[in-house]
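**Student:** Any chance you could fold what I've pasted below:
(one chain, ligands or ions: 2)
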Amino acid sequence: MTAPVLKPDHDAIERAAACLADGGLVAMPTETVYGLAGDATNPQAVARIYRVKERPVFNPLIAHLASIEAAFEQGDFSDKAQALAHRFWPGPLTLVVNATDQTTVCDLARAGLGTLAVRVPAHPVANALLQTVGRPLVAPSANPSGRISPTSAAHVAADLGDKIDFILDGGDCSEGLESTVIDARADTPVLLRSGTLGPDDIASVWPGLTRGGEAGAPISPGQLLRHYAPDARLRLNADAPESGEAYLGFGPGEATLNLSSSGNLAEAAANLFSMLRRLDQSHDRIAVAPIPETGLGLAINDRLERAANRD
Ligand code: TXA
Ligand code: MG
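**Tutor:** Ligands and ions are numbered 1, 2, ... in the order given. Below you'll find the predicted structure:
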């Protein structure tokens, strides 16, 4: 049985919320990518998410909350972490903080860590669902672990439709890349995963950002070298395709598909995953045009490098 794809009206939100409260799994749109939502307080629901995604249980999940106040109840937020939250929530930012004794997010969702990743999403459908359920929802990207993240309801239906209960169709995701993940526990912020909120955005509120993870420490699946992977072989920074290759362009010129013919990085980010999927269906090899290493280009190149890695 394939999960029904529902227009997210009031009735559908009520049905989805009841299903979640009962331990079910619902794919929901967010402004970044589609998430596979489950009740963060219910270890059975969380276990099912790991199973459905074939995700290693040592990779913790993000708890999504309906409001800043609800998020602050779950973890220990320093003044600086609170300032980031007030500036960018609701929005594409995830903060890693120490869990408090009051946290209702179960151990399995946190992979047994004393820390907790939290986010208040900006998408109206995600927000309505969170409000209606009234508990934290974990929501990893709704794709099999390691594969390309979904930015439409059709992507979710194709990847996981036979394994979950409902899909709420909120159209295409406006951002197209997963949230920026910041470890907010120390005196200065640490970047665990790049996203559409860039280093300058973070620094405008809390200076001193450093990159985490190089030394092997905290496990963020977004940091795994091979991630976001298509079946096709990717060749990056290609000025032109070779024979047999599809060409994913950026800026003016001939291309099989173009991330943004006007060279707009936000448009390119929003198109990245869906265009990779489309080319992956028709080609074994994909050449990708150079993307400038500035602004949003940093997050786009990060995803492309992981998608291209064959190690
Ligand atoms: O935009 C997003 O964040 C999407 C939408 C659906 O909200 N969700 C998402 O979830 O990308 P997921 O599970 O695919 O990625 C979660 C990221 C991973 O890099 C994970 O390792 C990191 O957050 N993370 C979660 N808990 C953590 C923790 N306690 N410490 C360090 N990293 C953590
Ligand atoms: Mg993911």
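**Student:** Between the two ends of stretch 291-310, how far is it?
**Tutor:** 20 Å (C-alpha to C-alpha, to the nearest Å).
**Student:** Can you give the distance from that stretch to the centre of its chain?
**Tutor:** 15 Å (C-alpha atoms, centre = their mean, to the nearest Å).
**Student:** cool, stretch 251-268 as well?
**Tutor:** Centroid displacement of stretch 251-268 relative to its chain, using C-alpha atoms, centre = their mean, is 22 Å.
**Student:** just stretch 144-159 next, same as before
**Tutor:** When C-alpha coordinates are averaged (C-alpha atoms, centre = their mean), stretch 144-159 and its chain have centres 11 Å apart.
**Student:** quick one: that stretch near ligand 1?
**Tutor:** No. Using C-beta under 6 Å from any ligand atom, stretch 144-159 stays clear of ligand 1, coming no nearer than 6.9 Å. Any C-beta I mention is one placed from the backbone N, CA and C, and that applies to glycine too.
**Student:** Could you pick out the residues of this structure near ligand 1 for me?
**Tutor:** Residues of the chain that fall close to ligand 1, judged by C-beta under 6 Å from any ligand atom: 30, 32-33, 35, 59-62, 94, 96, 110, 113, 115-117, 119, 121, 139-141, 178-179, 181, 192-193, 218-222.
**Student:** Strands - which of the residues you listed land there?
**Tutor:** 35, 62, 94, 96, 115-117, 119, 181, 192-193 (DSSP state E).
**Student:** Next one: residue 59, what pLDDT does it get?
**Tutor:** We have a pLDDT of 88 for residue 59.
**Student:** Who wins on neighbours among the ones in strands among the residues of the chain next to ligand 1?
**Tutor:** Ranked by neighbour count (other C-beta atoms under 10 Å), these have residue 35 at the top, with 30 neighbours.
**Student:** Nearest spatial neighbour of it, chain-adjacent residues omitted?
**Tutor:** Leaving aside its sequence neighbours, residue 35 sits nearest to residue 139 (C-beta to C-beta, 6 or more residues apart in numbering; 2.9 Å).
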